[in-house]
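**Student:** The following comprises the amino acid sequence and a computationally predicted model.
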Amino acid sequence: MSEEKSLNFIEEIIEADLASNKYASISTRFPPEPNGYLHIGHSKAICLNFGLAAKYGGTTNLRFDDTNPVTEDTEYVESIKADIKWLGFNWNNELYASDYFDTLYAFALELIEKGLAYVDDSTSEEIAILKGTPTEPGKPSEFRSRSIEENRTLFTEMKNGLYKDGEKVLRAKIDMAHTNMLMRDPIIYRIKHAHHHRTTNKWCIYPMYDFAHGQSDSIEKITHSICTLEFIPHRELYEWFIEKLNIFPSRQYEMARLNMTYTVMSKRKLLQLVNEEFVNGWDDPRMPTISGLRRKGYTPLSIRNFCEKIGVARRENMIDLSLLEFCLREDLNVTAKRVMAVLDPIKLIITNYDAEKSEELIAENGPDETMGNRSIPFSNTLWIEREDFMEVPAKKWFRLAKGSVVRLKNAYIVKCESFEKNDNGDISTIYCTYYPESKSGNDTSGIAVKGTIHWLSAAHAATAEIRLFDRLFKVENPSAEEGDFKSFINPDSLTIISKAYIEPSLTKADLEERFQFIRKGYFCLDKDSTPEKLVFNRTVTLKDTWGKIAD
RNA sequence: UGGGUUAUUGUGUAAAGGUAGCACUACAGAUUUUGAUUCUGUCUGUCUUGGUUCGAAUCCAGGUAACCCAACCA
């Protein structure tokens, strides 16, 4: 008895197409425009397209939709490829819409020969006015009735560089009164004397999205071309070109894009955050980009699981950031090495432990025995977390307070005897006694404690900078709020602890490793680290039940 | 005042005329040398009004709301 997992609507379409022998196998594609970095929203499309092909034994192409030379760059091409690979996917073919410029040009000529395209000399303002509005039909341009010969000549001259940018465009001749604005003689080629990242200066005319995307799908024999909801009106045009050109009938299917709380997802907005230096680049750990998440310490598996859990449907959605964090913790909990670090130190002295002495204690590296053990140094002077001591203990306080006992993780049980304050009234030193027979692993003391806290031997601890990240925005949906989305940026999204104490073993950490700083969260080394100064990023906190009670 | 798309609990997502399920969140409790993990439990939902039917989230009709469409962007 196997529980059958329900299919999403695209899987249902594919299974029906396969069952009816419409296709022998499927082909999908992931078609980014190389004008920015990939973000978590793209990962939904990536996981879907690659996942579908894997599930049904098909292929997936990576196709760069590079039809607008002025916004695109190879920097973006490289980052996109790296991000997809990091997520764990391999494309069957690396392709570019610009590979098809010759074919697309021939398609345009074909439309001209069929009387289905014309060169328009109107300015963009004139074209906009004649286009009408959603509630009023458009009117034909005076150039709409040009002869095939004239159109052929003019278009060839456009291609040959006889005209300046904006002087002429090629339009499909469809229906100026169509209810779908996109069918009112859409522009299919425009003049741009610009350098293209791949074709360099070969072309000065470039096809528009609508004249490139569907045909590219068709050329590659993509069976299921998946895009987001805002492209629904484009489907009619997509099919019109395929029909008039009589080429392979790729089909477009639309799904809802990913929205996430406390996050903005549009490339335009992300670009603003980078350009106006609200963040430190595309891979700032606070960014929802794949590279930002990676740098923050996210794992590919956690993102793939997230994309699996959010599902695929056609209704607008707003996913809780907490679901992404759940997927992250779910993965890290079983893979991250456990270590100790003290972020906000306060000194603890064990008065009955020989000040000259130190010993090595055994600590497990992780929840799984196969992760092994390591040794950690212990001595009479320790760093503990300031928040683990309360002068006046709260109700149900399990940690240190005068007279209370706690276990030092992997070490001994200690009892707080007294504490000292400095001139500011802050607690400066805590004095404890320890129970020698309570050593971790062979505790014969019989003492029961409610709390266990982490610690570091002051003489042995190393130091590091630690960067704590919080959500980038203060409000759930910054894009929907009145006013500039940037005014909702969380001023406390980054907290830098310039000197925290870390376990000596951490000085050998590498960039790929994931750690749980016990009781503090998951952390990883940042690329800014140097041998002299280690930098750790907090990937995500642990769930904090006590923190909620305390509030 | 045009066209298109969508409405299931706080959030996602299932249920193809027959028990409204699952996950996240939240909240309780148990276990715990991480107030983590794990385990158990709780959690006022089918946009609305009619209709068809023995039976409707599902079919029909009318409302309502949200989103998208008037870039030489994708």
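**Tutor:** Now that the structure is in, tell me what you want to look at.

**Student:** For the spatially closest residue to A:Asn49 that is not a sequence neighbour, what is the enclosing helix or strand?
**Tutor:** The spatial neighbour of A:Asn49 that comes closest, neighbours along the chain excluded (Cβ to Cβ, 6 or more residues apart in numbering), is A:Thr28 at 4.2 Å. Every residue, glycine included, has its C-beta placed from N, CA and C. A:Thr28 belongs to strand A:27-30 when assigned by DSSP states H and E.

**Student:** Contacts (any at all) between RNA strand B and that strand?
**Tutor:** No - judged by Cβ under 7 Å from any atom of the strand, strand A:27-30 stays clear of RNA strand B, getting no closer than 11.8 Å.

**Student:** which helices and strands sit right next to the next helix or strand after that strand?
**Tutor:** Using DSSP H and E, the next helix or strand after strand A:27-30 towards the C-terminus is helix A:40-56. Helix A:40-56 sits against helix A:9-19, strand A:27-30, strand A:59-64, helix A:74-87, strand A:224-228, helix A:290-296, helix A:300-310, with contacts defined as 3 or more Cβ pairs under 8 Å, 6 or more residues apart in numbering; DSSP states H and E.

**Student:** For stretch A:333-351, measure first residue to last.
**Tutor:** Terminal residues of stretch A:333-351 are spaced 36 Å apart (Cα to Cα, to the nearest Å).

**Student:** buried residues in that stretch?
**Tutor:** Of the residues in stretch A:333-351, those buried under the neighbour-count criterion (16 or more other Cβ atoms under 10 Å) are A:335-343, A:345-350.

**Student:** who's in contact with the closest residue in space to A:Leu87 that isn't next to it in sequence?
**Tutor:** Leaving out its chain neighbours, the residue that sits closest to A:Leu87 by Cβ to Cβ, 6+ apart is A:Pro300, at 5.0 Å. A:Pro300 sits next to A:Trp86, A:Leu87, A:Gly88 when contact means Cβ atoms under 8 Å, 6 or more residues apart in numbering.

**Student:** Count the neighbours of the nearest residue to A:Leu494 once chain neighbours are set aside for me.
**Tutor:** Of all residues not flanking A:Leu494 in the chain, A:Phe469 sits nearest, at 6.1 Å (Cβ to Cβ, 6+ apart). A count of nearby residues for A:Phe469, using other Cβ atoms under 10 Å, gives 21.

**Student:** Give me the distance between A:Phe469 and A:Lys543.
**Tutor:** Note on A:Phe469: its distance to A:Lys543, by Cβ to Cβ, to the nearest Å, is 17 Å.

**Student:** now A:Pro393
**Tutor:** A:Pro393 is 23 Å from A:Lys543, by Cβ to Cβ.

**Student:** same check, this time on A:Pro478
**Tutor:** 25 Å.

**Student:** Pairing partners for the closest residue to A:Lys159 other than its chain neighbours in the sheet, please.
**Tutor:** Distance criterion Cβ to Cβ, 6+ apart; nearest residue to A:Lys159, sequence neighbours excluded, is A:Ile205 at 5.3 Å. Beta-bridge pairing for A:Ile205 (DSSP bridges): A:Ile191.

**Student:** looking at the sheet around the nearest residue to A:Ser404 once chain neighbours are set aside, what are its partners?
**Tutor:** Nearest non-adjacent residue to A:Ser404, counting by Cβ to Cβ, 6+ apart: A:Cys416, 5.7 Å away. Note on A:Cys416: beta-bridge partners A:Cys432, judged by DSSP bridges.
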